[in-house]
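Trainee: model this:
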Amino acid sequence: MRRRIRTLAVAVAAVGVLAVPATQAVAGPAGGVPAATVDPSTLPARIAVHFDPTTGQLPENIAWAPDGTAYLTFAAARQVVAVDPAGRTRVLATLPAPADGGVHTPVLGFALTTGIVRTGDGTLYFLYASGDAASTGLYRLTPGQPPRRIAALPATGLPNGLALDPTGRTFYLTDSVLGTVSTVPLAGGPARVWSSASALAATGFLGVNGVKVRGGAVWVTNLDQGTLLRIPLRQGRPGAVEVRATGLVGIDDFAFTADGRVVAALNGPNTVVGIDHDGRTRTLLTGADGLQNPTSVAVRGRTVLVASAAYVTATDPNLIVATLRHR
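Mentor: The predicted structure follows:
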């Protein structure tokens, strides 16, 4: 396990070298909108839960339930877990390792659970990347039952982000190696590539990453290209990709606030940033607040959950609770 974490740390560190320095202005979207200077940390925050990196408890993604339970994927442990509001962690499922141990998982070299979504009936859906055609895919986890694969995905890729469009009853999922966004029906079935635009491609490590569906569009990030992208939904088909923010190399997952602003995790730079409607960016949290290579964000009202996987620091993977300030 330690060897696998070190391997990933080297890869992520390579991305971090290209990250925007903390004092540098971050570019806005195309069209000449001026960038905002990054501010110092502005959110009151605390570490709610510490996890154990030696057992692969590296939180990769979050689904937040109305009762306050956070459902997480532990990447290197190949697990889905529930963390209750008191900080107690319960393992809900562990995916079996492939026969080769996951060494053929593209880029990373170990099998991992990634994106997760919870529906209103308590069902969890999550992605598993193993480098094995027999197990890589989208899974359903119904309370009290073992996980079941409902869509096979290419073993040559790295399925990463997952979002549900409840209106269209369709999942949108990203592949960070293949540079695609694909769709899968809520009931399960074949995955179909929805977009393979060049803006989704990797340029050295991992490309398209986080994904959300909001306001008639699919929103995604690209870790290598450092972008936040909006892809309009045109009767189910993708419209032209719109670049909404740039200069965010290392951007991982993100979430929307109630007023449509974005809170995003920048893994390599070890920061959480806020992105305004015009693409201007400001720092909200840093390592001084306890971040350890943040991977994902969830927002409810003014409360923010941030999962840190400690891929590079390898010391303290954790879950942070922060409060948004009024602006």
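
Trainee: wait, what's in contact with the closest residue to residue 239 other than its chain neighbours?
Mentor: Spatial nearest neighbour of residue 239, excluding adjacent residues (CB to CB, 6 or more residues apart in numbering): residue 232 at 3.4 Å. Glycine gets a C-beta too; all of them are placed from N, C-alpha and C. Residue 232 sits next to 216-217, 238-240, 242 when contact means CB atoms under 8 Å, 6 or more residues apart in numbering.

Trainee: just checking, residue 162 touches residue 125?
Mentor: Yes. Residue 162 lies in contact with residue 125 (CB atoms under 8 Å); the separation is 6.7 Å.

Trainee: which residues do the two both contact?
Mentor: Taking CB under 8 Å, 6+ apart as the contact rule, residue 162 and residue 125 both touch 116-117, 138, 171.

Trainee: now, among the residues you listed, which is nearest to residue 273?
Mentor: Using CB to CB, residue 116 is the member of these that lies nearest residue 273, at 22.2 Å.

Trainee: does the closest one touch residue 138 like I think?
Mentor: No. Contact criterion CB under 8 Å: residue 116 and residue 138 do not qualify, at 10.6 Å.

Trainee: who touches both of those two?
Mentor: With CB under 8 Å, 6+ apart as the test, residue 116 and residue 138 both reach 125-127, 162.

Trainee: stretch 240-249: how far from the chain's middle?
Mentor: Centre-to-centre, stretch 240-249 and its host chain are 16 Å apart (CA atoms, centre = their mean, to the nearest Å).

Trainee: same check, this time on stretch 70-79
Mentor: Distance of stretch 70-79 from its chain centroid, counting by CA atoms, centre = their mean, is 12 Å.

Trainee: in a strand, the residue nearest to residue 239, correct?
Mentor: Yes. Residue 232 forms part of a strand when assessed by DSSP: H, G, I helix; E, B strand; the rest coil.

Trainee: what bridges to it?
Mentor: Per DSSP bridges, the residues bridged to residue 232 are residue 217.

Trainee: and it, how far is that from residue 59?
Mentor: Distance of residue 232 to residue 59, given as CB to CB, to the nearest Å: 31 Å.

Trainee: residue ranges of the strands in the stretch 1-150 of the chain, please?
Mentor: For the stretch 1-150 of the chain, the strands defined by DSSP state E, counting those that start in this stretch occupy 45-50, 59-64, 70-74, 79-83, 89-94, 112-118, 124-129, 137-141, 148-152.

Trainee: what's the average pLDDT for the second one?
Mentor: Confidence over strand 59-64 (mean pLDDT, whole number) is 98.

Trainee: name the helices or strands packed onto that strand?
Mentor: Judged by 3 or more CB pairs under 8 Å, 6 or more residues apart in numbering; DSSP states H and E, strand 59-64 is in contact with strand 70-74, strand 112-118, strand 294-300, strand 303-308.

Trainee: same for the first one, what does it pack against?
Mentor: Packing partners of strand 70-74 (3+ CB pairs under 8 Å, 6+ apart): strand 59-64, strand 79-83, strand 112-118, strand 124-129.

Trainee: now, of the ones you listed, which is deepest in the fold?
Mentor: Neighbour counts (mean count of other CB atoms under 10 Å) averaged over each of the helices and strands packed on strand 70-74 peak at strand 124-129, with a mean of 27.

Trainee: angle of that strand against strand 137-141?
Mentor: If you take axes from the mean of the first three to the mean of the last three CA atoms, to 10 degrees, strand 124-129 sits at 150 degrees to strand 137-141.

Trainee: orientation of strand 124-129 relative to strand 79-83 in degrees?
Mentor: Taking the same axes, to 10 degrees, one finds strand 124-129 and strand 79-83 inclined to each other by 140 degrees.
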